[in-house]
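1. Coordinates only, no sequence provided:
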Ligand SMILES: Nc1ncnc2c1ncn2[C@@H]1O[C@H](COP(=O)(O)OP(=O)(O)O)[C@@H](O)[C@H]1O
Ligand SMILES: Cc1ncc(COP(=O)(O)O)c(C=O)c1O
């Protein structure tokens, strides 16, 4: 199994490819990583050093891999934090080239735009590119609740709003939608939900809310979901695994009092999560 993963790189800590690549490798998946930026650390610290790559930089790596004749063995493309809107076209170029070489390959787009606490944290043009181009090309999308509201142009407070917003995203193209960090008006104060729609009703995993705020969990959960989906061809199995593994990772991170997620220290969670949460099928 091979995944082409196009997202950010940080030297210190774990977001983007530095959060996604190792969990996938630990699951036995080979990852061909292309970095959209190389930063010292994630932008949640407020300060960082490093470079944002151009669309051309990203494109030449894709074309270089294609020249090796490898794309027919690529099972999926995963994209995340873009750095600059100009990189978007190169990601779609990658998706087109991979689909040409392997018509069964899937594209999973994590539409990294922002979150409830920080608002939009990407450069101008990226939110619009995600909404108008990337999501339309994707088979699977993994927005958090804030990003779901942006993509659907709606506000999500009740279950009916969530259903309508997810339906609006399906209408753009993706057959599978995973919404992370779902907190509705009836969500218990001590819980956080992950909701997946794969065509026939909503599936939900509810986990305890931990007393931490970290970056990179969204990148990990998208990778875990996509990897498991490609391995098992089951959205339910992918949801159960991704939610359980991410919870295990964050529980260990909270216990250690770490500002960075314990991608290496908690690696067993990516294979055998300590607590396996079950999937509920929500009634219509
Ligand atoms: N404080 C927390 N307590 C429990 N789970 C969390 C917490 N923060 C994140 N998670 C888990 O990680 C998932 C992804 O995190 P999220 O913050 O939504 O990612 P993103 O980076 O895309 O905003 C959430 O759906 C949830 O399962
Ligand atoms: C460089 C970089 N990549 C990716 C992300 C996305 O992180 P998260 O998984 O928390 O959405 C961030 C968020 O700050 C970032 O700074």
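-> Alright, I've got the coordinates. These figures come from a predicted structure and were not determined experimentally. Ligands and ions are numbered 1, 2, ... in the order given.

2. Any residue of the helix or strand hosting residue 31 touching ligand 2?
-> Counting by DSSP states H and E, the secondary-structure element that holds residue 31 is strand 30-39. Yes. Under the criterion of C-beta under 6 Å from any ligand atom, ligand 2 is reached by strand 30-39 at 37, 39. The way it works is simple: take the backbone N, C-alpha and C, and place the C-beta from them, glycine included.

3. Buried residues of that strand, list them for me.
-> Using 16 or more other C-beta atoms under 10 Å as the burial criterion, the residues of strand 30-39 that qualify are 31, 32, 33, 34, 35, 36, 37, 38, 39.

4. After that strand, which helix or strand is next?
-> Proceeding N to C from strand 30-39, the next assigned helix or strand is strand 50-52, under DSSP H and E.

5. Can you tell me the SS state at the residue nearest the centre of the chain?
-> With distances taken as C-alpha atoms, centre = their mean, the residue of the chain nearest its centroid is residue 222 (3.0 Å). With DSSP: H, G, I helix; E, B strand; the rest coil as the basis, residue 222 sits in helix.

6. Now do the contacts for it.
-> By C-beta atoms under 8 Å, 6 or more residues apart in numbering, the contact list for residue 222 reads 20, 78, 80, 108, 110, 142, 178.

7. ok, now residue 196?
-> Counted by C-beta under 8 Å, 6+ apart, residue 196 has contacts 176, 177, 178, 179, 202, 203, 204, 235, 236, 238, 239.

8. swap in residue 121?
-> Contacts here follow C-beta under 8 Å, 6+ apart; on that basis residue 121 touches 43, 113, 114, 115.

9. measure it to ligand 2 for me?
-> Separation of residue 121 from ligand 2 (C-beta to the nearest ligand atom, to the nearest Å) stands at 6 Å.

10. same thing with residue 106?
-> When distances are taken as C-beta to the nearest ligand atom, residue 106 and ligand 2 turn out to be 20 Å apart.

11. repeat for residue 283
-> 31 Å.

12. quick one, what contacts the closest residue to that residue other than its chain neighbours?
-> Excluding its sequence neighbours, the residue lying closest to residue 283 (C-beta to C-beta, 6 or more residues apart in numbering) is residue 201, at 7.9 Å. Going by C-beta under 8 Å, 6+ apart, residue 201 touches 281, 282, 283, 284.

13. Go again with 7 Å.
-> By C-beta atoms under 7 Å, 6 or more residues apart in numbering, the contact set of residue 201 is 281, 282, 284.

14. same question, residue 20
-> In this structure, residue 20 makes contact with 5, 7, 78, 219, 220, 223, judged by C-beta under 7 Å, 6+ apart.

15. would you turn the residues you listed into JSON lines with neighbour count?
-> Rendered in JSON lines, the data for the contacts of residue 20 read as follows (neighbours: other C-beta atoms under 10 Å):
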{"residue": "5", "neighbour count": "25"}
{"residue": "7", "neighbour count": "29"}
{"residue": "78", "neighbour count": "29"}
{"residue": "219", "neighbour count": "30"}
{"residue": "220", "neighbour count": "26"}
{"residue": "223", "neighbour count": "32"}
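
16. Might you enumerate the residues of the stretch 1-150 of the chain proximal to ligand 1?
-> 115, 144.

17. Perfect, I'm done here.
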